[in-house]
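Q: Sequence first, predicted coordinates after that:
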Amino acid sequence: GAGVSQSPSNKVTEKGKDVELRCDPISGHTALYWYRQSLGQGLEFLIYFQGNSAPDKSGLPSDRFSAERTGGSVSTLTIQRTQQEDSAVYLCASSRGRWGTVSGKTQYFGPGTRLLVL
Amino acid sequence: QKEVEQNSGPLSVPEGAIASLNCTYSDRGSQSFFWYRQYSGKSPELIMFIYSNGDKEDGRFTAQLNKASQYVSLLIRDSQPSDSATYLCAVTNNNDMRFGAGTRLTVKP
């Protein structure tokens, strides 16, 4: 079956431009997560959706970052006025249920979008 | 600041040995604990999760949790060269998940 897919796989942009990253979770997974991983660093949690709602947006690094999810499926992460420090791999993951539940304890990661801001 | 700490390594063990990976966390409200494996240039993949004190075994992997000491570990028995990767510890409460920076493990043939 299909796993989590992300697009684009690579994105090079100029400083100050807006970018939109897309995540297609596994069908039927209600929970969706965005993470960022900078070169040589660990994963940084950004935001989590249960259905279309994001209970906690405090992980987003700044107000230039926003995310939405529609129809309980596809999610987009938008970065406005990109900065060089935004360069990283942006990973999306999904799980059958939300954190704190048995069904939510296994997350499946997508291949990531490698963002380079020049 | 809620922290998850791991020894960055590299940790090198010979093939067939036991590799021991350690993780400490600062948030006493943490509820679930995960170990992910990440090969270079690849996305993380879940190895195990644990949420009760004690040991949890799955094949060659054993996760150990001690909430009083705020400590979680991963043991890999009979280590294989294919186990060479970075191992990420992650800790969740209801609202977020925090990762350690990872421990790089090398298993030498």
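A: It's in. Keep in mind that what you see is a predicted model, and the values were worked out from it rather than measured. Numbering: from 1, shown residues only, chains lettered A, B, ... in the order given.

Q: Report the contact partners of residue A:19.
A: Residues near residue A:19 by C-beta atoms under 8 Å, 6 or more residues apart in numbering or on different chains: A:11, A:13, A:78-79, A:82, A:115. Any C-beta I mention is one placed from the backbone N, CA and C, and that applies to glycine too.

Q: again, but for residue A:71
A: Per C-beta under 8 Å, 6+ apart, neighbours of residue A:71: residue A:52.

Q: What separation do you get for it and chain B?
A: 24 Å (C-beta to the nearest C-beta, to the nearest Å).

Q: same check, this time on residue A:53
A: 13 Å.

Q: So what pairs up with that residue in the strands?
A: residue A:50 (DSSP bridges).

Q: What's the local residue count around it?
A: 9 (other C-beta atoms under 10 Å in any protein chain shown).

Q: Buried subset of the contacts of residue A:19 as a PyMOL selection?
A: This is how PyMOL selects the buried members of the contacts of residue A:19, with burial counted by 16 or more other C-beta atoms under 10 Å in any protein chain shown:
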select buried, chain A and resi 11+13+79+82+115
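
Q: Where do the strands of chain B begin and end?
A: B:4-6, B:11-14, B:19-25, B:32-38, B:45-50, B:54-58, B:61-66, B:71-76, B:85-92, B:97-99, B:103-108 (DSSP state E).

Q: next one: the lowest-mean-pLDDT helix or strand in chain B to chain centre, how far?
A: Across the helices and strands of chain B, mean pLDDT, DSSP states H and E gives its lowest value to strand B:97-99, namely a mean of 85. Chain-centre distance of strand B:97-99: 12 Å, with C-alpha atoms, centre = their mean, to the nearest Å.

Q: Give me the nearest residue to residue A:16, chain neighbours excluded.
A: In this structure, residue A:16 finds its nearest non-sequential neighbour in residue A:81, 5.5 Å apart by C-beta to C-beta, 6 or more residues apart in numbering or on different chains.

Q: OK, contacts around residue A:21?
A: A:6-8, A:11, A:76-79, A:90, A:92, A:113, A:115.
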